[in-house]
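Colleague: Return atomic coordinates for the entry below.
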Amino acid sequence: MDDKKNEDYAIEMGDVKGRSSPSSRDPFLARARSDKIAPPAAISSITNSPPISILAYCLASISMTVTNKYCVSGANWNLNFFYLAVQATCKQVGMITNLAPFDSKKAKTWFPISLLLVGMIYTSTKALQFLSVPVYTIFKNLTIIVIAYGEVLWFGGSVTASALFSFGLMVMSSVVAAWADIQHALYGNPEAASSEAAAALSTLNAGYMWMGLNVFCTAAYVLSMRKVIKKMNFKDWDTMFYNNLLTIPVLILCSLIFENWSSENVALNFPLESRNKLITGFIYSGLATIFISYCSAWCIRVTSSTTYSMVGALNKLPIAVSGLVFFAAPVTFGSVSAIIIGFVSGIVYAWAKVRQSQMSKMTLPTQQPVMSASSQSNRDASS
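Modeller: Numbering: from 1, shown residues only. Presented below is the predicted three-dimensional model:
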């Protein structure tokens, strides 16, 4: 398969400022790296450029969503577990230089979180398979609402009036998007037979069902992960390591048990006329999981968590537009209105979080502050 946790799937790094570097794990690595020649000034200016990091993050997020939609949109596609296993394997190989020592006790404690992650990314691909990219992006905002109120119940968080207003806009955009989709399915093509309209409506209903499950799984994953991370004192690389290590065998096992690997079904999933393009999409998707994680950490490092949150909100619009451009999603008054309302709701929510953060800095602390997971879940993939 947010911050996307994304929306577009990629297991997020979180704030890289708090992570333990590989050199702190192994003194030999620290000595080896100190002997390296400093990068040229041109490369250094690029890696420390906020605009370039923001652009790279936006492109990675958009390309990840478009690639996922392309790979799972085949008429006979039904190997989602296999597709996600490929992504997770590529991600694990990409972060191999940052691996931490394996701890069986930590793995046992983290395993339920990995199962929630599997549920999140699987339901995400299923929802994207049945829904258009704009509708998927709009409905993904509902995850923020569930997580915010989960924080209130579990961690004593709070919801400001500005955030509550943004939640209302998110719900409104989702309702408008669903209404526009249903209207187009029923009346968008007057020449279509009633059976075709019923089939289109059935597809939408399946997509909304998977989207609802994805909202629940994503919120459960983010909230549970936050609780376990605090309990186990996990660093960002530890989270990535155990997430990938434990999800790969689960995804492979689920693919072997629940998916049809007969030669006939494989031929249906990889038709000869589009097989090469689909394999290329798989390869790029695997590499994109590494790229989007790097770009997320890069953007946070050279800007700030606040800027990153704002970029995530503003990036909703180009992601939705990419669905209109690449997949010929229906362009109607309702669909465009839903995209605009969803875009505004993201901006209002990001502004509300910034304002809440500024207000908290102006008051003297009377208790230990509660970290917000809702902003973390608003990422590309989540995206």
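Colleague: can you pull out the helices in the stretch 251-383 of the chain?
Modeller: Using DSSP state H, counting those that start in this stretch, the helices found in the stretch 251-383 of the chain span residues 263-269, 275-302, 305-314, 316-326, 333-361, 374-377.
Colleague: again, but for the stretch 101-250 of the chain
Modeller: 104-130, 133-140, 142-155, 161-187, 194-232, 236-258.
Colleague: for those, which one sits closest to A85?
Modeller: helix 236-258 (3.9 Å; C-beta to C-beta). For every residue, glycine as well, the C-beta is placed using N, CA and C.
Colleague: Check which helices and strands that closest one sits against.
Modeller: On a contact count with 3 or more C-beta pairs under 8 Å, 6 or more residues apart in numbering; DSSP states H and E, helix 236-258 meets helix 80-94, helix 104-130.
Colleague: Just name the most buried of these.
Modeller: Of the helices and strands packed on helix 236-258, the one with the most neighbours on average (mean count of other C-beta atoms under 10 Å) is helix 80-94, at a mean of 22.
Colleague: Quick one: residues in contact with it.
Modeller: Outside of helix 80-94, the residues within contact range by C-beta atoms under 8 Å, 6 or more residues apart in numbering are 1, 9-11, 71-72, 118, 121-122, 125-126, 129, 240, 244-245, 247-248, 251-252, 254-255, 258-259, 282, 285-287, 289-290, 293.
Colleague: Tell me where the model's unsure across the stretch 151-300 of the chain.
Modeller: Under the criterion pLDDT under 70, the flagged ranges of the stretch 151-300 of the chain are 188-193, 234-238.
Colleague: And for the stretch 1-150 of the chain?
Modeller: 1-40, 42, 94-101.
Colleague: What's the PyMOL line that selects buried ones from the contacts of helix 80-94?
Modeller: In PyMOL, a selection of the buried entries from those looks like this (16 or more other C-beta atoms under 10 Å):
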select buried, resi 1+9+10+11+71+72+118+121+122+125+126+129+240+244+245+247+248+251+252+254+255+282+285+286+289+290+293
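Colleague: picking up where we left off before, closest to A352 out of the helices of the stretch 101-250 of the chain?
Modeller: Across the helices of the stretch 101-250 of the chain, the minimum distance to A352, taken as C-beta to C-beta, is reached by helix 161-187, at 3.6 Å.
Colleague: The closest one vs helix 333-361, what angle?
Modeller: Relative orientation of helix 161-187 versus helix 333-361 (axes from the mean of the first three to the mean of the last three C-alpha atoms, to 10 degrees): 170 degrees.
Colleague: Number the chain from 17, please
Modeller: In the new count, where the first residue is 17, that last one comes out as helix 177-203.
Colleague: tell me what helix 177-203 is packed against?
Modeller: So helix 177-203, by 3+ C-beta pairs under 8 Å, 6+ apart, packs with helix 149-156, helix 158-171, helix 210-248, helix 349-377.
Colleague: what angle do it and helix 149-156 make?
Modeller: 140 degrees.
Colleague: which parts of helix 177-203 are buried?
Modeller: 178-179, 182-183, 185-186, 188-190, 192-194, 196-198, 200-201.
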